[in-house]
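Engineer: show me how the following folds:
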Amino acid sequence: MNLEDSLSRGFSYTRRLFSRVKDLLILTIINIIPIVNILTLGYAGRVIKDSPASEGPPKLERWWDMFVDGLKTGLAAVLWAIPIAIVAVLLALAFLIPTIGFLSITSPEFWTEWGMNFTNSTAGNWTHIGQFMQKAFEPLRPLALAIIPALLLIMLAILFFMVMAFTGIVNMFKKGSFWKAFAIGEIFSVMGKIGYLRYFGLIVVTLLLGGVIAILSRIPVLGWLIGGFLGMLLIVAIFRSIGLLYDDAMGTSAVPAAMATP
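Structural biologist: Here you go, the predicted model:
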């Protein structure tokens with residue numbers, strides 16, 4: 001299944017909600033209320049588990065189970081955020097510390113002068129502030145040149161781990177076990193079978209549509225309601241699309257009846 005087909009089927013699947021006005025209104029309301037919107041994550045998990053043969057989103061029922069699934073999704077996301085943060089910090093230190101050390105070793109007298117100039121400037125002598133700023137940042141150009149590739153690499157690493165986290169959460173619901181969200185081998189297998197280009201395309205579509213929704217949510221008075229409504233629809237469509245890609249790649253269609261409690 002290609003990305004276009006999965007997205008098309010995902011949005012067609014989501015449109016079926018418009019024939020169930022009551023469910024549509026309830027999902028919108030729970031999506032805009034803090035804490036209660038955990039139910040939205042639980043519903044997204046139910047969409048992931050839904051059979052590929054299903055033509056419309058699942059009914060709103062078994063609320064407690066949906067809330068528990070939402071908590072598991074949030075917990076998995078938090079646990080995945082830990083290695084993401086560690087990798088980001090380590091990459092930042094690996095790039096920035098050597099550069100800062102190089103500057104300090106090669107020009108120690110600069111920092112003394114810089115500190116004195118800064119103290120004098122902040123004491124009220126702002127006559128030559130332009131010259132001071134130019135002089136102050138001149139030796140920092142190597143640091144700036146190091147920051148740019150460092151930030152790019154950090155962003156790529158964070159994006160990669162976020163894709164792994166997302167895949168792990170999908171795998172968690174498909175396999176019916178919380179710990180499958182962290183089964184690294186299975187996650188890489190799923191990502192490889194789905195295809196990294198498909199993932200990249202799905203991320204781009206999600207970011208673009210999410211950006212549009214964010215802009216619309218800034219509309220005075222009704223923006224928060226529009227954002228909650230469209231955001232809920234986007235969640236259902238994207239999670240349905242990734243669920244279809246998963247089933248197609250892994251050749252699975254069975255849906256676990258329940259998920260093991262962590």
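Engineer: how about the helices in this structure?
Structural biologist: 3-15, 21-32, 38-49, 63-106, 108-122, 129-137, 141-175, 184-194, 196-216, 223-250 (DSSP state H).
Engineer: need the ones you listed in JSON lines (columns: mean neighbour count and distance to Pro57).
Structural biologist: Where you see a C-beta, it was placed from the backbone N, CA and C, and this is true even at glycine. Formatted as JSON lines, those follow (neighbours: other Cβ atoms under 10 Å; distance: least, Cβ to Cβ, whole Å):
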{"stretch": "helix 3-15", "mean neighbour count": "18", "distance to Pro57": "7"}
{"stretch": "helix 21-32", "mean neighbour count": "16", "distance to Pro57": "8"}
{"stretch": "helix 38-49", "mean neighbour count": "23", "distance to Pro57": "6"}
{"stretch": "helix 63-106", "mean neighbour count": "15", "distance to Pro57": "12"}
{"stretch": "helix 108-122", "mean neighbour count": "12", "distance to Pro57": "59"}
{"stretch": "helix 129-137", "mean neighbour count": "12", "distance to Pro57": "54"}
{"stretch": "helix 141-175", "mean neighbour count": "17", "distance to Pro57": "15"}
{"stretch": "helix 184-194", "mean neighbour count": "15", "distance to Pro57": "22"}
{"stretch": "helix 196-216", "mean neighbour count": "14", "distance to Pro57": "18"}
{"stretch": "helix 223-250", "mean neighbour count": "21", "distance to Pro57": "6"}
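Engineer: mind putting those helices into CSV with distance to Glu55?
Structural biologist: Formatted as CSV, the helices of the chain follow (distance: least, Cβ to Cβ, whole Å):
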stretch, distance to Glu55
helix 3-15, 7
helix 21-32, 15
helix 38-49, 13
helix 63-106, 21
helix 108-122, 66
helix 129-137, 60
helix 141-175, 19
helix 184-194, 23
helix 196-216, 21
helix 223-250, 11
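Engineer: JSON lines for those helices, including mean pLDDT?
Structural biologist: JSON lines is the format used below for those (pLDDT from 0 to 100):
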{"stretch": "helix 3-15", "mean pLDDT": "88"}
{"stretch": "helix 21-32", "mean pLDDT": "88"}
{"stretch": "helix 38-49", "mean pLDDT": "90"}
{"stretch": "helix 63-106", "mean pLDDT": "78"}
{"stretch": "helix 108-122", "mean pLDDT": "60"}
{"stretch": "helix 129-137", "mean pLDDT": "58"}
{"stretch": "helix 141-175", "mean pLDDT": "79"}
{"stretch": "helix 184-194", "mean pLDDT": "88"}
{"stretch": "helix 196-216", "mean pLDDT": "86"}
{"stretch": "helix 223-250", "mean pLDDT": "88"}
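Engineer: distance of the closest residue to Leu39 other than its chain neighbours relative to Gly231?
Structural biologist: Closest residue to Leu39 apart from its sequence neighbours, by Cβ to Cβ, 6 or more residues apart in numbering: Ile30 at 4.8 Å. Distance, Ile30 to Gly231, using Cβ to Cβ, to the nearest Å: 12 Å.
Engineer: quick one: residues contacting the nearest residue to Val36 once chain neighbours are set aside.
Structural biologist: Excluding the flanking residues, the one nearest Val36 by Cβ to Cβ, 6+ apart is Ile30, at 5.1 Å. By Cβ atoms under 8 Å, 6 or more residues apart in numbering, the contact set of Ile30 is 36-37, 39-40.
Engineer: of these, closest to Arg62?
Structural biologist: Using Cβ to Cβ, Leu39 comes nearest to Arg62 of the contacts of Ile30, at 11.1 Å.
Engineer: got a list of what the residue nearest in space to the middle of the chain touches?
Structural biologist: With distances taken as Cα atoms, centre = their mean, the residue of the chain nearest its centroid is Met162 (5.8 Å). Taking Cβ under 8 Å, 6+ apart as the contact definition, Met162 lies against 80, 84.
Engineer: for Ser12, see how far away it is.
Structural biologist: 27 Å.
Engineer: next one: Leu60
Structural biologist: Counting by Cβ to Cβ, the gap from Leu60 to Ser12 is 20 Å.
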